[in-house]
Structure formats: C-alpha cells, structure tokens
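Enquirer: A predicted structure for the sequence below; I have some questions about it.
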Amino acid sequence: MNRIEKWIFNIKKYIVLYKDGYYIIPYLSNSPEVMINSLKSMPFTKHNGNENVIHTDNIFSKGALYYRQLADGLWIIITEIEFLKDVCTKALYDGEPTDYYFLSHLSFKTQIDSNNINAVKVPTTGWTLYKPGHEATAFYNKGTDGIFTNIIFTRAWAEKNIPLDDLYETNILKKYFESEQTLVIWEDMVPNATEIVGNLLATLKSKEAENANHLQFTINCLELVNDFLKSASTRHLHQIENILSDADRRHLAKAEKILTDALYKTFPGIETIAKEVNLSPTKLKNSFKLVYGKPLNQYYQEKQMLLALQLLKNKTISVKDVAQTFGYENTSNFTVAFKKYHQMLPSEVV
C-alpha cells in the first residue's frame, strides 16, 4: 500500500463528512506532488496526466485544477471552480516531512461575502501566505466561484532565488520566515494581478507552458511573486492569533451562516446563536469580533443594509416593503439605520 492509498484508507470514513452545515473535503498537502496525488485519488475527480489537469464535476463543485512544476522546489497550481454546496476544504498532513510554503492569490465571487480560512475572513480578491504544516481550513458558501492560484515553494528555493537581505528595504518574506506566524492574509495589493493570473491560466489550458516556452511561463510566474513582494514590503505582517481550535472555527463559521440565513427575519439573538453553535455567549461575542472585525449585531445589520440597497434599486419595491422585509415595523427606524450605513436616505437610491 503506497502513501496515498494508506492516507485514503485511514480517512475514507470521513469522505465526505457533513458537519455544521458544510460538506468537509480533506486532502493531503505535504507537497504539490502529494496534494495532486491525493486529489486525483478522490472518487469524484478525473485526472488527465497528459494535460496536467484534475477535473471535478459532482454535487459539491464543478471545475478544474491545472498544475505545473516550474523548477526544483517551485510549483504553480491554478484552480478554476464553482462550489455547488456549502463546502469546507481541509489541507491535512500525514506526519511525513514537509517544506512547502503556499502563496495564494484569490479572486472569486460569492453571494454573501463570507468565505474564510481558519475562521479568518478572506477578501474576495487578495492574498494568503501560509507555512509548511499549516492545516488550512477554508469555508466556501454555495454559489462561490472563481480562480484560486497557488505558487508553492520550499524555503531552500526562496533563499536561493530571492535575495532576502537586499531585495527590498523591508522584506516581507524574510520577516515571515523569522516570525512565529503561520497564516497571513492581505487585501489585493498588486495591480492587474487578476489579469496576470488569467493569462497564466490561459497558458496552462493551452499547454504552451509545457510545449512552447516553459522558461517564459516561469518568468511570468516569478514576476507575479516579485510584484507581490514589492507591494507587501511596505506593509506589516498582521498577526493572526492562533487561539481558536478547529472546533471553534467550525462553530464561528456556523454562527456566521445562521446570521446570513436570518437576514430576512429578525436578529436571532446572541444567546440563541451561542446555544446553537455550542459556545458560551462571551466566547462567541469575543471570537466573532476578533475574526470578523465587528460585533455580531453590527455584522448582521450591515449585511441587511447591503441587501436593502440592492432591493431599493428595484424601483417596483417601496421603502415600506423593504423595511418590513427586514423586520422593521416602523419605516422611520429602517430609514435611520439605512442612512447611518449608506450616508443617504432610502428615497435617494438611484
């Protein structure tokens, strides 16, 4: 029994586990090769080794993962995917050595703007960076679709190919290597990154990277990394506190889903949510604010106001009807809340 077969055998009873409203899909992530082998071994994927692509088309997701090894210790994986259910992906490790860092560019659309990694909300267009052995747990809601780019490298490759001491006045990668942080998340800060990724994906699909000009394709990938490092060098590493267990992260994701499911009702109440997600009210309030940046009731109201704006743009719906839709018996109270968030009256929406 080889390594992947052994891993599949050990976790087969967990594929696919449904918990807290999400279908949990695990994969092995020690290295790009191991990651690809574990994904292509899944019963709901189809691998084409000649074209270096893994297709998925099932009740959970539809899309394709394209991959190339660019050099010793350097890979690129670009996934184009749509999630058809609420899905949690888990990057796992089997105890074997690992030395691969994941620099990811995210560009996706989502209906409720609430996807997160390790219970930390991620921007719809942005970057993440995590260290070897970090078990990234990402939650994606039904209807999310986009392109996820991973440039995967070893520290040995980075130290050999990136002048960490003198490339930039403040080198984010060197600081990250020396820090105790495992996960860092940034808003998008590289101009045209989405366009660059689109061009890389088009090349992978056409096989030009393999058959025509592998060197030029590799250079284009490194230019994207360089643009990221240059932009990130002016920013600070934002500490992600590792105070939440995997169970807590699932509970928070469930709490956020309860809120978004209740947007057309009234605020469920902290006590009710805490009981449903099996957290104390105090821990729920503190952890939610840490992860999502604001209290539960404020997060809930802001989501309501964003939806209200979209409804009001439909001129066939009255302000009174929209107010009642969101549980406001008094239209004046809705108007005050709307103006506080949008800095204009509902009647001024065009």
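Expert: Yes, it's here.
Enquirer: Lowest average confidence across helices and strands of the protein, where is it?
Expert: Lowest by mean pLDDT, DSSP states H and E among the helices and strands of the chain is helix 3-11, with a mean of 53.
Enquirer: What segments of the stretch 201-350 of the chain are helices?
Expert: Secondary structure of the stretch 201-350 of the chain (DSSP state H, counting those that start in this stretch): helices located at 208-211, 214-232, 246-261, 270-277, 281-292, 296-312, 319-325, 331-342.
Enquirer: and those helices, which is most packed in?
Expert: Looking across those with neighbours counted as mean count of other CB atoms under 10 Å, the highest average goes to helix 246-261: a mean of 20. Yep, even glycine has a C-beta here, placed from its N, CA and C like the rest.
Enquirer: Next, the angle from the helix or strand that L106 is a member of to helix 214-232.
Expert: In the assignment (DSSP states H and E), L106 maps to strand 100-109. Strand 100-109 and helix 214-232 are oriented at 80 degrees to each other (axes from the mean of the first three to the mean of the last three CA atoms, to 10 degrees).
Enquirer: Now the element after the least confident helix or strand of the chain, going C-ward?
Expert: From helix 3-11 onward toward the C-terminus, using DSSP H and E, the following helix or strand is strand 17-19.
Enquirer: following that following strand, which helix or strand shows up next?
Expert: With secondary structure assigned by DSSP H and E, strand 17-19 is succeeded by strand 22-28.
Enquirer: Sheet partners, orientation included, of that next one?
Expert: As defined by DSSP bridges, the strand partners of strand 22-28 come to strand 17-19 (antiparallel), strand 87-92 (parallel).
Enquirer: Show the average pLDDT along it.
Expert: The average pLDDT within strand 22-28 is 87.
Enquirer: Show me which parts of the very next helix or strand once past that strand are buried, residue by residue.
Expert: Past strand 22-28, further along toward the C-terminus, the next helix or strand under DSSP H and E is helix 32-40. Buried residues in helix 32-40, defined by neighbour count with 16 or more other CB atoms under 10 Å: P32, V34, M35, I36, N37, S38, L39, K40.
Enquirer: Mind giving me the packing neighbours of helix 32-40?
Expert: Counting contacts by 3 or more CB pairs under 8 Å, 6 or more residues apart in numbering; DSSP states H and E, the secondary-structure elements packed against helix 32-40 are helix 3-11, strand 22-28, strand 53-57, strand 61-71, strand 74-83.
Enquirer: To W186, which of the ones you listed lies closest?
Expert: Evaluated over the helices and strands packed on helix 32-40, closeness to W186 peaks at strand 74-83, with 19.0 Å, by CB to CB.
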